[in-house]
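**Q** Fold the following.
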Amino acid sequence: MTDGGTGAETGIVVNAIGREKVEQLVYRTLTSTLGSSSGFEDFRFGLQTTALGFIENEEHGFTYEDCGAVLNAMAAVGIGE
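**A** This is a model prediction of the structure:
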């Protein structure tokens with residue numbers, strides 16, 4: 001997600017969104033979306049929800065393309081489609 005690439009097992013291409021955006025996204029997701037019983041699918045949904053919130057609130061320069069890259073990154077490692 002940070003640097004982009006292609007999933008070795010899945011062949012899904014992930015566009016890079018950069019370290020700063022990933023840091024903001026993961027931190028906000030971990031601190032405001034997930035609970036102690038959350039799993040990987042919850043993490044994926046939380047990342048998507050947080051990214052969309054960033055877009056709506058014009059935070060951290062997030063775009064819909066960034067949100068797509070996040071979902072592709074999760075799918076590239078076998079979490080979601």
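**Q** only C-alpha atoms for contact and neighbour calcs from this point on.
**A** Noted.
**Q** centroid residue for the chain?
**A** By Cα atoms, centre = their mean, the chain has its centre lying nearest to Val70, at 3.3 Å.
**Q** Spit out the contact partners of that residue.
**A** 1, 14, 47-48 (Cα atoms under 8 Å, 6 or more residues apart in numbering).
**Q** and what of Cys67?
**A** 48, 51-52.
**Q** just how off-centre is the longest helix belonging to the chain within its chain?
**A** Secondary structure assigned by DSSP state H gives helix 40-56 as the longest helix of the chain. Centroid separation for helix 40-56 versus its chain: 6 Å, with Cα atoms, centre = their mean, to the nearest Å.
**Q** residues in contact with it?
**A** 25-26, 28-29, 33-34, 60-64, 66-67, 70-71, 74, 79-80.
**Q** Average pLDDT for it, rounded please.
**A** Mean pLDDT, computed over helix 40-56, is 96.
**Q** Give the buried residues for that helix.
**A** Buried residues in helix 40-56, counting neighbours by 16 or more other Cα atoms under 10 Å, are found at 42-52, 54-55.
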